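> Just to be clear, the model below is a prediction. Sequence and coordinates:
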Amino acid sequence: MSVVAKRYAQALMNLAVKDSATKDDTVEAVSAALDDFADTLAENPALVAFLAEPKVPQAGKEGAVADVLEKIEAPALVAVFLRFLTHKRRISLAGDIRGVFHELADARLGRANAEVTVAAELTAQQAEDLKARLETISGKQIKLNITTDPSILGGIVARIGSTVWDGSVRNQLNRVHRQLTQS
């Protein structure tokens, strides 16, 4: 992510928090509108090309963005923000800004993504139990992203942010091996 996208996302977060007494609802509404806008761009490569074309008059780009904002029924804060980005010729950063804004929103609302690797598929109950355990450990609301990798042999490897818990059998065997070879 670019420094510019981070600054714009932080500015938008500051406005969203300042904007309303129900700050968390405003943050969620802004997140949803940014998703809708970015999804619309992703679904319309011709629109992206139009907005990126230097020969297109700025008024035409602003009109196209206004049409999208009307279609997605963006809240006023998001509409003003995206029009501002268009005016400043920074609308191409909308996707990056969305990503950073989501990170800021997750931090503000006590949410985190957990990347979990397991050796074999988990049942729904096992996944729910794991989610509950990770929420207890982290103190955050967790969204699980589970992948399977038979090479870990058993156990799990979980990553939340920069923290990694490696309870895999492979890691335990490697530790035993290191201890035996260092003795």
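Good, I have the coordinates.

> care to break this protein down by domain?
According to automatic domain parsing, the chain comprises the domains 3-107, 111-182.

> Kindly check the end-to-end length of the first one for me.
Which is domain 3-107. One end of domain 3-107 to the other measures 18 Å (CA to CA, to the nearest Å).

> and it, how far from the chain's centre?
15 Å (CA atoms, centre = their mean, to the nearest Å).

> what does stretch 124-133 give?
Using CA atoms, centre = their mean, the offset of stretch 124-133 from its chain centre is 22 Å.

> Quick check: which ranges of the chain have low pLDDT?
Scanning the chain for pLDDT under 70 picks out the ranges 1, 19-24, 183.

> just to revisit the earlier point, deepest-packed of the domains of the chain, please.
Ranked by mean neighbour count, the domains of the chain are led by domain 3-107 with a mean of 16 (mean count of other CB atoms under 10 Å). All C-beta atoms are positioned from the backbone trio N, CA, C, and that covers glycine.

> so what secondary structure elements neighbour the lengthiest helix in the chain?
When the chain is parsed with DSSP state H, its longest helix is helix 23-43. Applying 3 or more CB pairs under 8 Å, 6 or more residues apart in numbering; DSSP states H and E, we find helix 23-43 packed against helix 3-19, helix 45-52, helix 58-72, helix 76-87, helix 94-109.

> could the ones you listed be laid out in a markdown table, adding distance to R175?
Shown next, in a markdown table, are these (distance: least, CB to CB, whole Å):
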| stretch | distance to R175 |
| --- | --- |
| helix 3-19 | 38 |
| helix 45-52 | 49 |
| helix 58-72 | 52 |
| helix 76-87 | 50 |
| helix 94-109 | 33 |
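
> Can you list the neighbours in contact with the longest helix of the chain?
The contact list for helix 23-43 (CB atoms under 8 Å, 6 or more residues apart in numbering) reads 12-13, 16-17, 19-20, 47-48, 51, 68-69, 71-72, 74-75, 77-78, 82, 94-95, 97-98, 101-102, 105, 108-109.

> Next, the angle from it to helix 76-87.
With axes from the mean of the first three to the mean of the last three CA atoms, to 10 degrees defining the directions, helix 23-43 sits at 40 degrees from helix 76-87.

> Export only the CA atoms of helix 23-43, formatted as PDB.
Only the C-alpha atoms of helix 23-43 are listed here, as PDB (Å, rounded to 0.1, in the frame of the first residue of the first chain):
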ATOM      1  CA  LYS A  23     -19.300   6.100  15.200                       C
ATOM      2  CA  ASP A  24     -19.100   2.300  14.700                       C
ATOM      3  CA  ASP A  25     -22.200   2.300  12.500                       C
ATOM      4  CA  THR A  26     -20.700   5.100  10.400                       C
ATOM      5  CA  VAL A  27     -17.400   3.200  10.000                       C
ATOM      6  CA  GLU A  28     -19.300   0.100   8.900                       C
ATOM      7  CA  ALA A  29     -21.400   2.100   6.400                       C
ATOM      8  CA  VAL A  30     -18.200   3.700   5.000                       C
ATOM      9  CA  SER A  31     -16.600   0.300   4.700                       C
ATOM     10  CA  ALA A  32     -19.600  -1.100   2.800                       C
ATOM     11  CA  ALA A  33     -19.700   1.800   0.400                       C
ATOM     12  CA  LEU A  34     -16.000   1.600  -0.300                       C
ATOM     13  CA  ASP A  35     -16.500  -2.100  -1.100                       C
ATOM     14  CA  ASP A  36     -19.500  -1.300  -3.400                       C
ATOM     15  CA  PHE A  37     -17.500   1.300  -5.200                       C
ATOM     16  CA  ALA A  38     -14.400  -0.900  -5.600                       C
ATOM     17  CA  ASP A  39     -16.500  -3.900  -6.700                       C
ATOM     18  CA  THR A  40     -18.200  -1.700  -9.300                       C
ATOM     19  CA  LEU A  41     -14.800  -0.700 -10.700                       C
ATOM     20  CA  ALA A  42     -13.600  -4.300 -10.600                       C
ATOM     21  CA  GLU A  43     -16.700  -5.400 -12.600                       C
END
